[in-house]
Structure formats: C-alpha cells, structure tokens
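# Pasting the sequence and the predicted model now:
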Amino acid sequence: MDTLLILLQSLDGASIAKAAIAIGAGIVVIGAGLGIGKIGESALKSIARQPEASGDIRSNMIVSAALIEGVAFFALILLIVALFV
Amino acid sequence: MDTLLILLQSLDGASIAKAAIAIGAGIVVIGAGLGIGKIGESALKSIARQPEASGDIRSNMIVSAALIEGVAFFALILLIVALFV
Amino acid sequence: MDTLLILLQSLDGASIAKAAIAIGAGIVVIGAGLGIGKIGESALKSIARQPEASGDIRSNMIVSAALIEGVAFFALILLIVALFV
C-alpha cells in the first residue's frame, strides 16, 4: 500500500496535464497545417489554371485560411491559459 | 517491495511532462512540414504549368505558408514556456 | 533482487525525459523530411516539365523549403534547451 501511495504522490496530475497540453499543441499545428495546406495548394493550382483571376483567388484564400488560423490561435491561447490555471 | 518503491520514487511527474513537450515539438514540425510542403509542392507545379504567373504564385505561396509558420512558431513558443512553468 | 533494484534506481525520470527528447528530435526530422522532400520532388518534376522556368522554380523551392527549415531548427533548439532545463 505504501508503494501505491508513493506512485500517486510522484505521478501528480499537474505534470500529466502539462504533458497533454504539449501533445495537444502539436495536434493543433497538424490540424492547421492540413487545412491551410490544402487551401494554399488549391489556390496556387487555380491561379495556374486561370491567371487572370489571381486577385479573386488570393482574397478568398486569405479569408478561408484566416478562419483556420483564428481557430488554431484560439486553441493555442487556450492551451497557454491551461498551463497556468 | 523496496524495488518497486524506488522505481516509483524516481519516476517523477516533471520528467514525464518534459518528455511530452519533446514529443509535442516533433508533432508540431510534422504539422508544419505537411502543410508548407503541400503549398510549396503545388507552387512549383503551378509555375511549371504557367510560368508567366510565377510572381502571383510566389506571393500567394508566401502568404499561405506564413500562416502555417505563424501557428507553428506560436506552438513552439508555448512549448518553451511549458518547459519553464 | 539486488540487480533489479539497481536497474530501477538507474531508471530515473530524468533519463526518461532525455529518451523522449531523442525521440522528439527524430520526429522533427521526419516532419522536415516529409515537407522538404515533397517540395524538392515537385521542384525536380516541374523543371523536367518546363526547363526554361528553372530559375523561378529554384528560387521558389528555396523560399518554401527555408520556411520548413526554420520551424525544424527552432524545434531542435527547443529540444536542446529541454536537455539542460
């Protein structure tokens, strides 16, 4: 029973939470990278197919990528807050 | 029973958190690599298809890649903060 | 029983953290390899398709690969810092 008690003392929840925050930050960037990467890819291919529409394509690319960026930043700020709470 | 006790004493939570931060940094780079890699790939293919649009394609590539770069750097800074918190 | 005791004494948390830092560095290089590999692959294919655009393709390849390189180096610096914290 003593050993279990020591396990619980040393393996405290705060560090497990910190571990999960670190891995969560990595998963956030995978999500943002997949999404913005797909948008950027199709924007560039679209400009190559229709160069005269490049202004329209660029503004739409920025709007949709900024939406993913916004969610990703908000999630990272949530994780930073979680570090200190 | 003594041996188990020593194992549990040495396996403190702080190093588990540090371990997860290290793995999280790797996951961040996988996300950034997937996203920026896809954007860079399509930029080069698009220039090959429409060389005269290379200026437009380059500026759009930099904008969308910089969005992923921003999220990735922010996540890495979060992880550095987590090291010292 | 003594040998097991010595094993468990040596398996302290600090070395688990160090082990994870090593694995994290490997994951960082996997991410950078996937991203820069995709960019380099398409650069070569694009030059093969449109050899007269090779200057444009090369400069764009360097810009996008440097973005991934930047994130990867920053992550490796984080891991070096984690070794000493």
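Thanks, I have it. Residues are numbered from 1 along each chain as shown, chains lettered A, B, ... in the order given.
# Nearest residue to A:A43 in space, please, no chain neighbours.
Residue nearest to A:A43 in three dimensions, not counting chain neighbours: A:M61, with 3.9 Å by Cβ to Cβ, 6 or more residues apart in numbering or on different chains. (Each C-beta comes from the backbone N, C-alpha and C, glycine too.)
# Show the pLDDT at the one you found.
pLDDT, A:M61: 93.
# could you check the angle helix B:54-84 makes with the helix or strand it falls within?
If you go by DSSP states H and E, A:M61 is part of helix A:54-84. On the basis of axes from the mean of the first three to the mean of the last three Cα atoms, to 10 degrees, helix A:54-84 is oriented at 0 degrees to helix B:54-84.
# now for helix A:54-84, which elements pack on it?
helix A:13-49, helix B:54-84 (3 or more Cβ pairs under 8 Å, 6 or more residues apart in numbering or on different chains; DSSP states H and E).
# Just the buried positions in it, please.
Neighbour counts using 16 or more other Cβ atoms under 10 Å in any protein chain shown place A:54, A:57-58, A:61-62, A:64-65, A:68-69, A:72-73, A:75-76, A:79-80 of helix A:54-84 among the buried residues.
# Just give me the residue right at the centre of chain A.
Chain A has A:V28 as the residue nearest its centroid, 2.3 Å off, counting by Cα atoms, centre = their mean.
# Without its sequence neighbours, what residue ends up closest to that one?
A:A75 (4.8 Å).
# doesn't A:I30 make contact with that neighbour?
No - judged on Cβ atoms under 8 Å, A:A75 makes no contact with A:I30 at a distance of 11.7 Å.
# re the thing from before, who are the contact partners of the residue nearest to the centre of chain A?
Taking Cβ atoms under 8 Å, 6 or more residues apart in numbering or on different chains, we find A:V28 in contact with A:A72, A:A75, A:L76, A:L79, B:G31, B:V71, B:A75.
# Off-centre distance for stretch A:76-85?
Distance of stretch A:76-85 from the chain centroid (Cα atoms, centre = their mean, to the nearest Å) equals 13 Å.
# And stretch A:42-52, by the same measure?
Mean-position distance between stretch A:42-52 and its chain equals 27 Å (Cα atoms, centre = their mean).
# what's it in contact with?
A:53-54, A:57-58, A:60-61, B:39, B:42-43, B:45-47, B:49-50, B:52-53, B:56-57, B:60-61, B:64.
# list the buried ones in that stretch?
So, applying 16+ other Cβ under 10 Å, buried residues of stretch A:42-52: A:A43, A:L44, A:K45, A:S46, A:I47, A:A48, A:P51.
# So which helix or strand of chain A has the lowest pLDDT on average?
helix A:2-10 (a mean of 58; mean pLDDT, DSSP states H and E).
# wait, the residue nearest to A:A43 sits on B:S64?
Yes - A:M61 lies in contact with B:S64 (Cβ under 8 Å); the separation is 6.2 Å.
# where does chain A have low pLDDT?
A:1-12 (pLDDT under 70).
# thinking again about what came up before, look up how far chain C lies from the residue nearest to the centre of chain A.
Distance of A:V28 to chain C, computed by Cβ to the nearest Cβ, to the nearest Å: 14 Å.
# repeat for A:G24
Taking Cβ to the nearest Cβ, one finds A:G24 at 15 Å from chain C.
# Kindly report the same for A:K18.
Distance of A:K18 to chain C, given as Cβ to the nearest Cβ: 12 Å.
# got the contact list for the residue nearest to that residue when sequence neighbours are not counted?
Nearest residue to A:K18, sequence neighbours excluded (Cβ to Cβ, 6+ apart): B:A17, at 3.9 Å. Counting by Cβ under 8 Å, 6+ apart, B:A17 makes contact with A:S15, A:I16, A:K18, A:A19, A:A22, B:A82.
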